[in-house]
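Asker: I'll drop the sequence and a predicted model, then ask my questions.
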Amino acid sequence: MSRRPPHTVTLIPGDGIGPEVMAAAVRVLTATGIPFEWETQQAGASAIGEHGTALPEKVLESIRKNKLALKGPTETPVGTGHRSVHVELRIQLDLYANLRPVKSLPGVKSRYEDVDLVVVRENTEDLYSGLEHVVVPGVVESLKIITEKASTRIARFAFDYSRAHSRKKVIAVHKANIMKLSDGLFLDCCRKVAKEYADVAYDEMIVDNTCMQLVLDPSRFDVLLLENLYGDIVSDLCAGLVGGLGIVPGANLGVRHAIFEAVHGTAPDIAGKNLANPLAAVLSGVLLLRHVGQRRAADSIDRAVSRLLREGRHRTRDLGGRATTSAVRDRLIALL
Ligand code: NAD
């Protein structure tokens, strides 16, 4: 038995493919030998039957206590029904920074081989504030909230992250030519913060042009700094550049708490079939390990993922293979 105190982590299996990929991630993390205590909590559509709500209060209590969570994707009904659990968690726990490293992985077929960029997305405001109403029948207003406080702290996060990880350039992405006040304020804050970091280059790019430039040549991007909605859309675009949602991890970070979750959703088309790629969930676990200072264990999973992909025999369908979720999990554990 290890004498080190365990890391107590709130585990949210979530909906759709969530339980499958999260179970795989937990098995891989545990196989590193780092002691974990997993506190399982139900949230999402699967929690409604038992708890009457998609986000029971005890889920928030558990994360507030443990300060750490590993979360599977949760389903949000389109155009009706409950508010998004992941958006609610980010707002309630003030997890203001959404960090999504997007990197080409060995052996994964995609259009590019040299992508290594980081999406830093503001996580608490913008059009995700959930403030919309019917003005008169046939006219709906959604409020895009941009504040100096949130824009400044996400900009500072992007520059601090760049400095700590030897990143060279932050590009603030905007549409301030049209939304002169809201995106204009976001840019003003980014510019002010950029001045404090002479060692990190700074530039700005309009969001539509950013999408085209990313598709043309992603290797020219380093750190992207975006508001909430642009960050959401550009994250999926970036995932597509390196082989899809099955391999891109993510972290939601605040001052006190952190929730690690992949970029992908519940993938209802493949849920319950043992077909989902567990690597994005596993790599989100790697971000958790680094967050708690377990660098060696994180490195060893990263190496195992690279070897598994190079070998090529254990790839799920999204990566052009035929392996199941559990086969990928078992091979990864064997390679640790
Ligand atoms: P999605 O990410 O679930 O699926 C998009 C496509 O990618 C699908 O074809 C799916 O099969 C594929 N895919 C995603 N993850 C995969 C994996 N690990 N392995 C293999 N293939 C994978 O996006 P969607 O269909 O737009 O959303 C479905 C649901 O997920 C919605 O209810 C949405 O609100 C929710 N969602 C939740 C989160 C979250 O909890 N953080 C994030 C995004 C979407």
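Answerer: In hand now; what should we look at?
Asker: For the rest of this, base every contact and every neighbour count on C-alpha atoms.
Answerer: Fine.
Asker: and Val118, helix, strand or coil?
Answerer: Assigned with DSSP: H, G, I helix; E, B strand; the rest coil, Val118 falls in the strand class.
Asker: what pairs with it across the strands?
Answerer: Beta bridges link Val118 to Pro101, Val223 when assigned by DSSP bridges.
Asker: Would you mind listing the residues in contact with it?
Answerer: Leu99, Arg100, Pro101, Val102, Asp222, Val223, Leu224 (Cα atoms under 8 Å, 6 or more residues apart in numbering).
Asker: hey, where'd the helices end up in the chain?
Answerer: All helices of the chain, identified by DSSP state H, fall at 18-31, 45-51, 57-66, 85-92, 148-164, 182-195, 207-216, 228-242, 279-291, 295-311, 325-335.
Asker: The protein against the ligand: which residues are in contact?
Answerer: Contact residues (Cα under 6 Å from any ligand atom) of the chain with the ligand: 73-77, 86, 245-246, 263-267, 269-270, 276-278, 318.
Asker: What subset of those is buried?
Answerer: Among the residues of the chain next to the ligand, those scoring as buried are 73-76, 86, 245-246, 263-267, 276-278, 318 (criterion: 16 or more other Cα atoms under 10 Å).
Asker: Any regions of this protein where pLDDT drops low?
Answerer: 1-3 (pLDDT under 70).
Asker: Report the central residue of it.
Answerer: When Cα atoms, centre = their mean is applied to the chain, the residue found nearest the centroid is Gly250 (2.5 Å).
Asker: Mind picking the two most distant members of the contacts of Val118?
Answerer: Greatest spacing in those, by Cα to Cα: Leu99 and Asp222 (13.0 Å).
Asker: C-alpha coordinates for stretch 13-25, PDB please?
Answerer: What follows is stretch 13-25 as a C-alpha-only set of coordinates in PDB (Å, rounded to 0.1, in the frame of the first residue of the first chain):
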ATOM      1  CA  PRO A  13     -19.300   9.800 -15.700                       C
ATOM      2  CA  GLY A  14     -21.900  11.900 -17.600                       C
ATOM      3  CA  ASP A  15     -24.100  10.800 -20.500                       C
ATOM      4  CA  GLY A  16     -23.800   9.000 -23.800                       C
ATOM      5  CA  ILE A  17     -20.200   7.700 -24.300                       C
ATOM      6  CA  GLY A  18     -19.300   9.400 -21.000                       C
ATOM      7  CA  PRO A  19     -19.500   6.400 -18.700                       C
ATOM      8  CA  GLU A  20     -17.400   4.200 -21.200                       C
ATOM      9  CA  VAL A  21     -14.600   6.700 -21.800                       C
ATOM     10  CA  MET A  22     -14.500   7.800 -18.200                       C
ATOM     11  CA  ALA A  23     -14.200   4.200 -16.900                       C
ATOM     12  CA  ALA A  24     -11.300   3.700 -19.300                       C
ATOM     13  CA  ALA A  25      -9.600   6.900 -18.100                       C
END
